Structure formats: structure tokens, C-alpha cells
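*Asks:* next come a sequence and a model predicted from it.
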Amino acid sequence: MNYIDNVEILDFSNFKIIVSKINGRYISVEKRVGEDKEKLIALLNENEFFSEPIYPKTVNKGKIKTVYISLHISSDCNMSCTYCFKTNRSKGKMSFAEAKEFIDLMINTFPHAGKYIVDPTGSGEPLLEMDLLLSIGEYCKKKSNTIKREVLPMIVTNGTLLDSNSVSKIRNAGILFGVSLDGDKKRNDFFRTDYNGNGVYKKVVKNIKAIKDRTLMGVAVTLTRKNTDLVSIIKHLIKYFPTISIKPVRDFSGDIGVNLNNVEILKQQYSKLMNFLIREIQKGNTEYLAALLNGDDYFGKFILRTILRQRVFTRCDAGIGRFSLAKDGRIYVCPGAIDIEEFEIGNLKDGIDLDKREEIHKIMIEKKKCSDCFARFVCGGECLVNSYYLSSNMNDVDYVMCNLKKHLFKLSLLFEHIIKKTKYYNRIFLACVEKSKRFSEDLNVTEYLNQNPDVSFMDIKMNRDKYLEKERK
């Protein structure tokens, strides 16, 4: 075996990081070790760099930790964002009966999941469907009490309708919510406007400031060619949100999002962000890193997986643990796949087509064009929906995005190497562990409920620490 063909050697100033292309394992070595071929090969063998990974079993027989239940309740929106992926806003809305039926179907199909996340955001503004939203929230409470596990509704809103009344209603219904905002006024209002072309930044920030308890609120930031100063973005938004998630725009035209003309600029900006995070951590401030790790941030995922040595085999959980109901009753692998026939895997009447689900899972696992990439076990491969829109082929890849993702993996490896030398590393490691558990079943709560069947799940959820402390005593 030619070991050089099976590893990626990343050179840094006085050390090397070596990554196995076969199974994703990686180690840091001193420069001199990396230059001694015999010692290096022995070290790689010792760390099982050439052992084949154990791929997940058939998806239809695996246990799912979390099932994401997406409800496409409506396409109605009160904004007209330039980069919105929903160009045609078809009329028609989902009824509560249909939403309820789909939640029941998913729980019955996957009865052993540890947790169920219900997302009624759809492709519009969910607060325009307040009555339906509240009904779904209340039903999730009842369902949680029935099955003794969490059925948690979560939405993302554009924030324009978040007055004190709406906030009170959705929180009383047990619904968690995040807000879409792209940074300061100039950055946000370039693409995010109402139907009259007016920016919404001032209105959204005013609404956010009026919310006293923002502990569980996050912000979703869209990365575009006009929104690349990542450090400035998080320094601005940390004033309002404890959780920040920055993700590239869904841009199938190649003009607004990541493309050949700006990918090097974005790589530089992510390098600046990494250096900023390191400087803050060295000063004892982990607030910015925590904000990225708390949510679904693009770079944050790479950091978390690197620190925890997590290896992934698919880009996401589309069709594995994530399912989306369209307004016409058809079921798709994720919200972004709605209306694409190739990603349809069932319907409300007949349930999930397990053969189609297995077929899509196989495509996600194989990723033949990723087989020689050193970042594939942290990246997981290309989004199938993006691939489809690029070339009508699920197996295709976006090489510009691949370029960016390889860079993010390199940064996450370097980041871990540096912060390991700080006294704050253990705190960061434990925070990553806690984040990885967040969407899994709380076994302490499950055990308590099994011993106390008359206690409602929602009661113990709201008073978890009190109940568990009483049990320990």
C-alpha cells in the first residue's frame, strides 16, 4: 500500500496534521516525525489509519436518535428577500388535521426515537399562520405527555411580527423560535426587504430588544457575496442573541452565494474568524465560540466534529431522520426537496416508502466523487438537493463549495491544535459534548418517568432539575 495516496498531510509552521482518507482519523505530529517515513508509517498503523470504516447498516433497520418532522404549512410571506429560494409562492395551506396526522405518522413509524423535533416553518413566514402554529404547539405538548418523550416544536421567523402578544402566545404553546437577520442594517437590508423594497432591520431589532428573555433565542444568518465579514457579523449579533448560525445561501444561479469569484475571499474571512475566536479564547472569553457551537452554524459543525472526533457518513439526515410534508400530502426527504419528484419518499395516506428511503440513503453513503477527499468524514458530502439543482444529478458535487469545506476542515484542525494548549480547552470540550447530547433522549428524565408514570412529561420538562434533585435525595 502506498500510504501517501491514502493520507492528506497538512503542513503548518512547526507541525503537521495527517488525515486518513480511508476512515477520517487524524493526528498532529512534530515536523521531524512527519519527515521520517518509517516512523510516520509505524505511527499511522498504530493509530489505525488504514483500517476500513464501519459504515451504517441499512437505514431501515437503524435506530434514530432524533426525528425531524417538517410541516410545510404555507408559502405565504410578508417579505420579498432577493435571495429567497421560493420563487413561486403557490396558494394553499395545510390544515391542523393534516399536520396532526403527519406528526402521528412519523412517531408511529419511528416509535423508538429519543426525541421528535417538529418544524412548521414551511417556506413562508410561520407567524402569518398563528392559529395553526399554536394548535400544533399545544398538540406537541399533549403528544409529549402521551409518549413520555419530547415532541418539541421549533420555528424560524423573519422577526417582523414578534410583538409582545405573539411572543407570549408561541412561548405559552411551548414553541422555540429563532430569527433571521444578516448582521447590521447595511448588510441585512441589502437582500432582506419587504414587498415595497424597504429594509426590515430596524423593525426586527426593535422587536428583539423588547423580548426580555432571549436565553433560548438564536439567529440565522445567510452568507452571501455581500455578507462576508464574519467577525463583524458575530460581534454585532452577539448583543442580541446567545446563538448564531451562519450558513451559505441556497443559490442555484451562482451569482449571490459562494462562487469562483468570491470563494478565496470567503476562505480568508473564515481564517480571520478562526483567529478571532482563538484570540478571544486565549483571553478567557468563550462567548463567541459558544454562540457558534450552540446552533447550526456551518463552521461550528466542523469545529464540533473535529473536537469530538466525530465521523459522519452522510451530508445530513435527509430521509434518514428528517421528513417533510408538503401541502399536497406528499412526503419528501427535507424541506428543500419539496416538489422534486426524485426526493419524494411517500405520502400522508400510505406512509414512508422504505425502498425509496433506502435508495436515497445509499446514494448519500456512496458519494463516489468524494472517495478520495480527506474531509469527507467531517463534511459528509454534498447536499443532494444542491447537486440536483446544479446538474439534475444527485451524485454531482459543487467543486467551489468543496474547496470552501476543505478549508473549513483545515481551519477546524488548526483551531483544535491551538486551543488544546489553553486552560479553557476542557471547558470547550465539555460544551461540545453537551451540544451533541441536546437532541438525544434525556435518559435521566426517561428513567424518572418510568418510575413515576403519573407525572406528565411537560411538568418534568419545566421542572427537570427539581424532580431529579428530589430523586437523588
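*Replies:* Noted; the coordinates are in hand. Numbers count the residues shown, from 1 in each chain.
*Asks:* which residues of the stretch 201-350 of the chain fall in strands?
*Replies:* For the stretch 201-350 of the chain, applying DSSP state E, counting those that start in this stretch gives strands covering 218-223, 243-248, 322-325, 330-332, 344-347.
*Asks:* next, format these as a markdown table and append distance to residue 460.
*Replies:* In this view, the C-beta of every residue, glycine as well, is placed from N, C-alpha and C. Converted to a markdown table, the strands of the stretch 201-350 of the chain look like this (distance: least, Cβ to Cβ, whole Å):
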| stretch | distance to residue 460 |
| --- | --- |
| strand 218-223 | 24 |
| strand 243-248 | 24 |
| strand 322-325 | 27 |
| strand 330-332 | 32 |
| strand 344-347 | 33 |
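*Asks:* with mean pLDDT and distance to residue 361 added, can I get those strands in a markdown table?
*Replies:* Putting these into a markdown table (pLDDT from 0 to 100; distance: least, Cβ to Cβ, whole Å) gives the following:
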| stretch | mean pLDDT | distance to residue 361 |
| --- | --- | --- |
| strand 218-223 | 95 | 27 |
| strand 243-248 | 95 | 23 |
| strand 322-325 | 95 | 12 |
| strand 330-332 | 95 | 14 |
| strand 344-347 | 95 | 10 |
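*Asks:* closest to residue 184 out of these?
*Replies:* Proximity to residue 184 (Cβ to Cβ) singles out strand 218-223 among these, at 11.3 Å.
*Asks:* domain-wise, how is the chain divided?
*Replies:* The chain resolves into domains spanning 1-54, 59-354+428-436, 443-472 when parsed by automatic domain parsing.
*Asks:* turn those into a markdown table, columns for distance to residue 388.
*Replies:* Formatted as a markdown table, those follow (distance: least, Cβ to Cβ, whole Å):
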| stretch | distance to residue 388 |
| --- | --- |
| domain 1-54 | 26 |
| domain 59-354+428-436 | 6 |
| domain 443-472 | 39 |
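*Asks:* among those domains, which comes closest to residue 412?
*Replies:* Among the domains of the chain, the nearest to residue 412 by Cβ to Cβ is domain 59-354+428-436 (4.1 Å).
*Asks:* start and end of that closest one, how far apart?
*Replies:* 21 Å (Cα to Cα, to the nearest Å).
*Asks:* from the domains of the chain, which stretch is densest packed?
*Replies:* Ranked by mean neighbour count, the domains of the chain are led by domain 59-354+428-436 with a mean of 18 (mean count of other Cβ atoms under 10 Å).
*Asks:* now for residue 200: which residues touch it?
*Replies:* Residue 200 sits next to 79, 158, 159, 160, 188, 189, 192, 193, 194 when contact means Cβ atoms under 8 Å, 6 or more residues apart in numbering.
*Asks:* give the phi and psi angles for it, as a check.
*Replies:* phi -110, psi 10 (degrees, to the nearest 10).
*Asks:* just the CA coordinates for stretch 146-158, please, in CSV.
*Replies:* The C-alpha trace of stretch 146-158 is given here as CSV (Å, rounded to 0.1, in the frame of the first residue of the first chain):
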residue,chain,number,x,y,z
THR,A,146,-48.6,10.6,25.9
ILE,A,147,-45.4,9.0,24.7
LYS,A,148,-43.3,10.3,27.7
ARG,A,149,-40.6,11.8,25.3
GLU,A,150,-40.1,15.2,24.0
VAL,A,151,-42.0,16.4,20.9
LEU,A,152,-40.6,19.9,20.5
PRO,A,153,-41.9,22.5,18.1
MET,A,154,-39.3,24.9,16.7
ILE,A,155,-39.6,27.7,14.1
VAL,A,156,-37.6,30.4,12.4
THR,A,157,-39.3,33.7,11.8
ASN,A,158,-38.3,36.8,10.0
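*Asks:* quick one, helices of the stretch 151-300 of the chain?
*Replies:* For the stretch 151-300 of the chain, the helices defined by DSSP state H, counting those that start in this stretch occupy 164-172, 185-191, 201-209, 230-237, 263-282, 287-294, 298-307.
*Asks:* between those helices, which one is closest to residue 43.
*Replies:* Distance to residue 43, taken as Cβ to Cβ, is lowest for helix 298-307 among the helices of the stretch 151-300 of the chain, at 19.5 Å.
*Asks:* wait, residue 332 sits on residue 341?
*Replies:* No - counting by Cβ atoms under 8 Å, residue 332 does not reach residue 341; the two are 9.5 Å apart.
*Asks:* per-residue pLDDT, the nearest residue to residue 177 once chain neighbours are set aside?
*Replies:* Setting aside the residues directly before and after it, residue 177 is nearest to residue 155 in space (Cβ to Cβ, 6 or more residues apart in numbering), at 5.0 Å. We have a pLDDT of 96 for residue 155.
*Asks:* so what's residue 155 up against?
*Replies:* Applying Cβ under 8 Å, 6+ apart to residue 155 gives the contacts 119, 120, 121, 126, 133, 170, 175, 176, 177, 178.
*Asks:* of these, closest to residue 297?
*Replies:* For the contacts of residue 155, the nearest to residue 297 is residue 178 (12.0 Å; Cβ to Cβ).
*Asks:* which strand residues bridge the closest one?
*Replies:* Listed beta-bridge partners, residue 178: residue 156 (assigned using DSSP bridges).
*Asks:* from residue 214, how far out is it?
*Replies:* Distance, residue 178 to residue 214, by Cβ to Cβ, to the nearest Å: 10 Å.
*Asks:* what's the answer for residue 417, then?
*Replies:* Plainly put, residue 417 is 34 Å away from residue 214 if you go by Cβ to Cβ.
*Asks:* same question, residue 170
*Replies:* 14 Å.
*Asks:* mutual contacts of the two, please.
*Replies:* Contact criterion Cβ under 8 Å, 6+ apart; no residue bridges residue 170 and residue 214 by contacting each.
*Asks:* picking that back up, closest to residue 264 among the contacts of residue 200?
*Replies:* Closest to residue 264 out of those is residue 188 (24.7 Å), distances taken as Cβ to Cβ.
*Asks:* shouldn't the closest one be in contact with residue 198?
*Replies:* No - if you go by Cβ under 8 Å, residue 188 and residue 198 don't touch, sitting 12.0 Å apart.
*Asks:* sounds good, over and out.
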